[in-house]
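1. need a structure here:
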Amino acid sequence: MAGFNYLPEGNQKGWYQKDYATTKFEQGLKLLADGEVAQYPMLSFALSTIATNWPDKVNDIGYFGQPGSDASKNCSTIWMPAGTYIPKTSQHVAEAKDFLAFIASTAGVDAISAKVPPQGPYLIQGTTLPDSVLPAVKDIAAYIDSGNSVPALEFLSPIKGPNLEQICVATGTGQMTPAEAAANYDKDVEKQAQQLGLPGW
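-> Numbers count the residues shown, from 1 in each chain. Sure, this is the predicted structure:
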């Protein structure tokens with residue numbers, strides 16, 4: 001409920017640009033890159049789009065976690081790395097295990113970094129970010145290094161309502177009250193739990 005209560009504030013105080021409701025992803029990133037807006041709440045994967053489309057401006061972009069009710073406890077929500085899997089039907093399980101072990105090693109990380117600039121810190125012990133990493137990635141790493149980070153909800157709970165994004169947008173744009181958002185999310189979570197066949201729902 002506390003989270004839903006935060007969402008209407010930006011709209012009520014006129015923090016958003018006039019066309020925010022129709023601004024598309026790349027248009028929003030261009031506004032950020034050009035300095036026409038000050039903040040875009042977004043995952044760090046947006047950095048690669050900025051680096052591709054506006055390479056001369058990507059180093060001007062920083063990162064900070066969403067403020068909470070207590071600045072001394074402010075931290076950053078972190079999306080966990082992608083998972084890699086081997087099908088049970090594979091004819092090359094041993095080779096696949098060797099490959100997965102490589103990509104989860106410092107040598108594998110170095111190989112990936114040489115071709116794909118990191119969009120966030122690595123969570124593999126012993127790895128380090130290249131000196132050339134984007135400033136926003138350094139900002140994210142500082143949260144993790146200082147112990148001021150938590151995994152996103154998806155990694156802490158077996159249930160996350162699939163309509164949370166739409167509920168948040170509706171609340172933040174004044175189409176739904178925080179109380180209505182919470183009630184809708186309760187229903188969303190219940191449906192999700194039932195679809196997953198979780199006991200007690």
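
2. which residues in the protein form strands?
-> Along the chain, counting by DSSP state E, strands occupy 76-78, 149-151.

3. of those, which is nearest Glu26?
-> Nearest of the strands of the chain to Glu26, taken as C-beta to C-beta: strand 76-78 at 23.4 Å. In this view, the C-beta of every residue, glycine as well, is placed from N, C-alpha and C.

4. what's in contact with that closest one?
-> Strand 76-78 is contacted from outside by 63-66, 120, 140, 143-144, 148-152, using C-beta atoms under 8 Å, 6 or more residues apart in numbering.

5. longest helix anywhere in this protein?
-> Assignment by DSSP state H gives helix 178-196 as the longest helix of the chain.

6. which helices and strands sit right next to that one?
-> Here helix 178-196 touches helix 2-6, helix 164-172, going by 3 or more C-beta pairs under 8 Å, 6 or more residues apart in numbering; DSSP states H and E.

7. and the ones you listed, which is most packed in?
-> Ranked by mean neighbour count, the helices and strands packed on helix 178-196 are led by helix 164-172 with a mean of 17 (mean count of other C-beta atoms under 10 Å).

8. by contact count, what packs against that helix?
-> helix 8-12, helix 178-196.

9. any chance of a markdown table for the ones you listed, columns distance to Ala104, mean neighbour count and mean pLDDT?
-> As requested, the helices and strands packed on helix 164-172 are exported to a markdown table (distance: least, C-beta to C-beta, whole Å; neighbours: other C-beta atoms under 10 Å; pLDDT from 0 to 100):
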| stretch | distance to Ala104 | mean neighbour count | mean pLDDT |
| --- | --- | --- | --- |
| helix 8-12 | 39 | 14 | 94 |
| helix 178-196 | 28 | 15 | 96 |
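
10. switch those helices over to TSV; also include distance to Ile50.
-> Compiled in TSV, the helices and strands packed on helix 164-172 are given as follows (distance: least, C-beta to C-beta, whole Å):
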stretch	distance to Ile50
helix 8-12	22
helix 178-196	30
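
11. which one of those lies nearest to Leu164?
-> Using C-beta to C-beta, the helices and strands packed on helix 164-172 put helix 178-196 closest to Leu164, at 6.3 Å.

12. can you tell me the centre-most residue of this protein?
-> Nearest to the geometric centre of the chain sits Leu43, at 3.5 Å (C-alpha atoms, centre = their mean).

13. touching, that residue and Met80? I think so.
-> No: when contacts are counted by C-beta atoms under 8 Å, Leu43 is not listed as touching Met80 (11.8 Å).

14. all helices for this protein, in order.
-> 2-6, 8-12, 25-33, 46-53, 93-103, 106-115, 135-145, 164-172, 178-196.

15. any idea how far Asp98 is from the residue lying farthest from the centre of the chain?
-> Distance from the C-alpha centroid of the chain, by C-alpha atoms, centre = their mean, peaks at Gln91 (35.2 Å). In this view, Gln91 and Asp98 are 14 Å apart by C-beta to C-beta, to the nearest Å.

16. what residues are up against Ala152?
-> 77-80.

17. nearest to Leu47, of the strands of the chain?
-> Nearest to Leu47 among the strands of the chain is strand 76-78 (14.7 Å), distances taken as C-beta to C-beta.
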